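[1] after the sequence you'll find the predicted model.
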Amino acid sequence: MQVGEWMVRNVAFADADESLDVALARLRASGRGSVPVMRDGKLLGILRARAANAPGASDLSVGQAMEPVGVVLRAAERVEDAFRRMPDGIDVPVIDRGRLVGVTSRADLGACLRADDLTPWLE
């Protein structure tokens, strides 16, 4: 199984220059824990819901509140390999040919592993 088969497509994203309040509203509506931050089609960072707790959050732009991208997955990457590299509790961007094509989380990929009865990967 490949990451691209288990990722969420048509992801909400935030523009680095928009206000944090607007982006956080979009994040909440997405039902995800984070959204990719983009500028001119380029992935710049990750905006997590906890950014709302930053001092002076209402005056910040997304670019000021975003976190660096830690892990990026490839759509063609094996689920088992990706699962081992992913942090808990954050959506991870998925790219294909240099373009953002979705996001996924350990919970998403864990469902795949359980469905395939590969539970040793979950330990």
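    That came through, no problem.
[2] remind me which residues of this protein are low pLDDT?
    115-123 (pLDDT under 70).
[3] strands of that one, residue ranges please.
    14-15, 34-39, 42-48, 73-74, 92-96, 99-104 (DSSP state E).
[4] want to throw those strands into a markdown table with mean neighbour count and distance to Leu60?
    For every residue, glycine as well, the C-beta is placed using N, CA and C. A markdown table is the format used below for the strands of the chain (neighbours: other Cβ atoms under 10 Å; distance: least, Cβ to Cβ, whole Å):
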| stretch | mean neighbour count | distance to Leu60 |
| --- | --- | --- |
| strand 14-15 | 22 | 12 |
| strand 34-39 | 22 | 12 |
| strand 42-48 | 19 | 11 |
| strand 73-74 | 20 | 28 |
| strand 92-96 | 22 | 21 |
| strand 99-104 | 20 | 22 |
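[5] list phi and psi for Gly33.
    In terms of degrees, to the nearest 10, the main-chain angles of Gly33 are phi -90, psi -10.
[6] what about it, neighbour count?
    16 (other Cβ atoms under 10 Å).
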